[in-house]
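S.K.: The sequence isn't on hand, but the structure is:
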């Protein structure tokens, strides 16, 4: 089994920054890449960002482009999300996931998920 654990969430004022981390452990798993999703209270889970190990391609949701940066280390199965210029609407539980293939912005492409970390942005 593959386990993913996120860290780095917290409470921050609007305009502030946070850096989320996610590390995978467990049985050997060669992923195509990793991604971040978020789910606000009462809303559907949505794609935030993804990184593809081969070629280093990065994808972002329009709502976070220019503010969030995804990075990672394939050898360590670790991914980070640097979040700058945070807004109250960024408040959500942020989940990392490991991708086995398919479209980077689809939840179905990610068989392994972490439990999530809460990010709260006050106005």
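M.R.: Yep, that arrived. Predicted, not measured: the structure shown is a model, and the values here were computed from it.

S.K.: Now for the closest residue in space to residue 117 that isn't next to it in sequence, how many residues are close by?
M.R.: Using CB to CB, 6 or more residues apart in numbering and skipping the chain neighbours, the partner closest in space to residue 117 is residue 9 (3.4 Å). The C-beta positions use only the backbone N, C-alpha and C, and glycine is treated the same way. Residue 9: 19 surrounding residues under other CB atoms under 10 Å.

S.K.: Could you do residue 21 as well?
M.R.: Neighbours of residue 21 (other CB under 10 Å): 16.

S.K.: I'd say it and residue 80 touch.
M.R.: Yes: using CB atoms under 8 Å, residue 21 is in contact with residue 80, at 5.4 Å.

S.K.: Quickly find the element holding the spatially most central residue of the chain.
M.R.: With distances taken as CA atoms, centre = their mean, the residue of the chain nearest its centroid is residue 36 (2.0 Å). Using DSSP states H and E, residue 36 sits in strand 33-39.

S.K.: what sits up against the following helix or strand past that strand?
M.R.: Going down the chain from strand 33-39, the next helix or strand is strand 46-52, by DSSP H and E. Strand 46-52 has contacts (CB atoms under 8 Å, 6 or more residues apart in numbering) with 32-39, 57-61, 64, 68-72, 79, 81, 94, 99, 104-107.

S.K.: cool, stretch 14-23 as well?
M.R.: Contacts for stretch 14-23 (CB under 8 Å, 6+ apart): 4-10, 12, 34, 36, 76-88, 94, 96, 114, 117, 119, 121-123.

S.K.: Let's see that with 6 Å instead.
M.R.: Under the contact criterion CB atoms under 6 Å, 6 or more residues apart in numbering, stretch 14-23 has outside partners 4-8, 12, 78-84, 86-88, 94, 96, 114, 121, 123.

S.K.: Test my guess that the residue nearest to the centre of the chain contacts residue 81.
M.R.: Yes: contact between residue 36 and residue 81 holds when scored by CB atoms under 6 Å: they sit 5.0 Å apart.

S.K.: on that earlier part again, counting by contacts, list what the strand holding residue 36 packs against.
M.R.: Helices and strands touching strand 33-39, by 3 or more CB pairs under 6 Å, 6 or more residues apart in numbering; DSSP states H and E, are strand 46-52, strand 92-99.
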